[in-house]
Each structure stands twice: as C-alpha cells, then as structure tokens.
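Novice: Whatever this is, show me its structure:
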Amino acid sequence: MDTLVITLRVALSLGVVLALMWVLHRRVSKGQFGAGKKPRGRRSAAVEVVARQGIGGKASVVVVDVEGERLVLGVTEHGVSLLTSGAAPAPELTIVTGPVTLPVRPTPSAEQFRQELAVQTDAATSLPSDAAEPLPMRPRNRRAQRTVVPTSAQLQGSILSADTWRQAAAALRSRRAG
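Specialist: Sure thing, here's the model as predicted:
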C-alpha cells in the first residue's frame, strides 16, 4: 500500500512537470515570451496589410501597401493572385501658411509665491487645537517581511521533501531487484 502511494506521488509530480513544460512550449511558440515577435522598425514596414475581408470559406481579399504601391490581392487556399494595383495614397498632411503661436502659461513670480505661501501658512496655524496634532501614518508594508523556512514535519509527503524522493528511489530499487 505504501508503495502504491509513493508511485502515485511520483506519477503526479511527473505529470505536473510535463504539463508545465507543455504550457511553456505553447507560450514560447506563440511568441508570448519574446521569441517569434516581429521586429519593429524600417525593415518590418516594407509590407503593410491595410485591410482584409473574408469572402468565403478559405478565400479572402487583402489590401497591401508595398513600397509606395497599393495592391489588392485575392487569397485562396491554392494561391495568391493580383486583382488590381495602383499608387498608395499619400498620408494626409496639414499645411501651415502663417506663423503659429503656441499657448504659453504665465510663469508665476517670486512675489506671487510668497503671497501664496503666507496664505497657506496662516491657514495652517488657524486650525483648531485638536486638529493641530499630526495624523498617524499608515505603515507601508502591513505584513512583516520575514523568510519562513518550512520544517521537515511541514514538508512530510510533499514533492519538496527529501524523504519523499528517498522513498521513491528505494521503491524503484526494490522493484528492480525483486
């Protein structure tokens, strides 16, 4: 019975490790951890997909800009065909014909600052006596930061316990010998 429990623990541990490896493989292959991401910059901007519209099961029409030329492509599962082409439209620009004045916030003078500081100081001294005492500060960390090392009794039966691994190795050795 004890051997069965140990075997089940080892099998469960192996299943967890394999599942974790599978999940990491899926994420890396989809490019969620940096691998497979498209480069940014001038080289990646050579071909730009403007629009895509599905027109059937596996057929679609794609509008693409390639180096200043706009292409309309028909895409099927058997191939890609050029439907029409033309010059890509230029980006819309705003033409400025006269001088432009930007809004500028006035810079406060030192005298205005002194006046505001005096007003604020007078307001702070005019508070009632019970409000003059400082407010209690809330601690930044509510829990004390400490490192907890689990005892062997707490790890008993866990995958992290050295005794569990010793028992599993002993069970495997006894199966080989017998």
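Novice: mind showing which ranges of the protein have poor pLDDT?
Specialist: In the predicted model, the chain carries pLDDT under 70 at residues 31-45, 124-135, 138-146, 178.
Novice: If we use 50, what do you get?
Specialist: Applying pLDDT under 50 to the chain flags residues 35.
Novice: Which parts of it are helices?
Specialist: For the chain, helices defined by DSSP state H occupy the ranges 2-30, 110-125, 152-155, 162-177.
Novice: Can you lay out the ones you listed as CSV showing distance to G86 and mean neighbour count?
Specialist: (Glycine included, C-beta is placed from N, CA and C.) Formatted as CSV, these follow (distance: least, C-beta to C-beta, whole Å; neighbours: other C-beta atoms under 10 Å):
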stretch, distance to G86, mean neighbour count
helix 2-30, 36, 12
helix 110-125, 61, 10
helix 152-155, 71, 10
helix 162-177, 69, 12
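Novice: Among those, which comes closest to A51?
Specialist: Closest to A51 of the helices of the chain is helix 2-30 (C-beta to C-beta; 24.3 Å).
Novice: what's the spacing between the closest one and its chain's center?
Specialist: 25 Å (C-alpha atoms, centre = their mean, to the nearest Å).
Novice: Could you tell me the angle between it and helix 162-177?
Specialist: Between helix 2-30 and helix 162-177, the angle comes out at 110 degrees (axes from the mean of the first three to the mean of the last three C-alpha atoms, to 10 degrees).
Novice: other SSEs contacting helix 2-30?
Specialist: If you count contacts as 3 or more C-beta pairs under 8 Å, 6 or more residues apart in numbering; DSSP states H and E, helix 2-30 packs onto helix 162-177.
Novice: Pull the residues that contact the helix it packs on.
Specialist: 3, 6-7, 9-10, 152, 155-158 (C-beta atoms under 8 Å, 6 or more residues apart in numbering).
Novice: let's go with 7 Å and repeat that
Specialist: With C-beta atoms under 7 Å, 6 or more residues apart in numbering as the test, helix 162-177 has contacts from 3, 6-7, 9-10, 156-158.
Novice: If you drop the residues flanking it in sequence, what lies closest to E77?
Specialist: K58 (4.3 Å; C-beta to C-beta, 6 or more residues apart in numbering).
Novice: roughly how far apart are the one you found and E116?
Specialist: K58 sits at a distance of 70 Å from E116 (criterion: C-beta to C-beta, to the nearest Å).
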